[in-house]
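**Q** Need a 3D model of the sequence below.
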Amino acid sequence: MAFNIPGPRTVFGWAVRTVTEVVSIPGRVLGLLTAAERAVSQANELVARTGEVVTSAESAVEHARRVTAAAEEVVEATKPMVRFAAEMSVHEVEAAIRLVDELPKLAEHMADDIMPILGTLDRVGPDIHELLDVAKDVRQAIQGIPGFDYLRRRGEEKELEES
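**A** Modelled structure (predicted):
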């Protein structure tokens, strides 16, 4: 049996290749470490940006909640008006619009004309009672005139003929 023993050149070549590979390992490890550091740095930046996005999203969600709550309050407050408007005819809506257009004038008349009169009603009451008493006396006096019943019947007959 013959052994195939490598020659010195073959062993020397193998040793050179092995030493070359062993010497290149720290360089390759250093390259891997540098790449890993870059990946970790990029991951940290991504985490920071993600945190900002999450904070912004939380703020937007809170704002949306406030807007939704305000909108719900408005909807609840307008439900009676919507029901009222749904039951109104076009003619009634137009009349309501005309009434609203007249409100400033009505308010002015209320303040300038009607309210001062209402303020004097406590003094007018006795005068009205006295006027009613006088009217009652005049009525009794007229009814006491001879022939008044005849004139009243004749007036009633004329009213019936005209109708």
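**Q** Show me the longest helix that occurs in this structure.
**A** Secondary structure of the chain read by DSSP state H shows that its longest helix is helix 8-86.
**Q** Give me the distance between that one and the centre of its chain.
**A** Helix 8-86 sits 37 Å away from the centroid of its parent chain (CA atoms, centre = their mean, to the nearest Å).
**Q** Following the chain onward from that helix, which element is next?
**A** Next in sequence after helix 8-86, counting helices and strands by DSSP states H and E, comes helix 90-109.
**Q** by how many degrees do that following helix and helix 8-86 diverge?
**A** Put simply, helix 90-109 runs at 70 degrees to helix 8-86, going by axes from the mean of the first three to the mean of the last three CA atoms, to 10 degrees.
**Q** which residues are contacting the helix or strand that helix 90-109 is followed by?
**A** Counting by DSSP H and E, the element after helix 90-109 in chain order, helix or strand, is helix 115-119. Helix 115-119 has contacts (CB atoms under 8 Å, 6 or more residues apart in numbering) with no other residue. Backbone N, C-alpha and C define where each C-beta goes, glycine included.
**Q** Run a quick neighbour tally on residue 96.
**A** Residues near residue 96, counting by other CB atoms under 10 Å, number 13.
**Q** Surely it is in contact with residue 88?
**A** Yes: counting by CB atoms under 8 Å, residue 96 does reach residue 88; the two are 7.3 Å apart.
**Q** quick one: common contacting residues for these two?
**A** By CB under 8 Å, 6+ apart, no residue touches both residue 96 and residue 88.
**Q** Tell me how the chain divides into domains.
**A** 7-87, 91-119, 125-163 (automatic domain parsing).
**Q** Would you format those domains as JSON lines with mean pLDDT included?
**A** Shown next, in JSON lines, are those (pLDDT from 0 to 100):
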{"stretch": "domain 7-87", "mean pLDDT": "85"}
{"stretch": "domain 91-119", "mean pLDDT": "90"}
{"stretch": "domain 125-163", "mean pLDDT": "83"}
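**Q** so what does the host helix or strand of residue 128 touch, helix or strand wise?
**A** Using DSSP H and E, residue 128 maps to helix 121-143. Packed against helix 121-143, as judged by 3 or more CB pairs under 8 Å, 6 or more residues apart in numbering; DSSP states H and E, are no other helices or strands.
**Q** in that helix, what's buried?
**A** Residues of helix 121-143 include none that count as buried (16 or more other CB atoms under 10 Å).
**Q** Stretch 105-121: which residues count as buried?
**A** In stretch 105-121, counting by 16+ other CB under 10 Å, buried: nothing.
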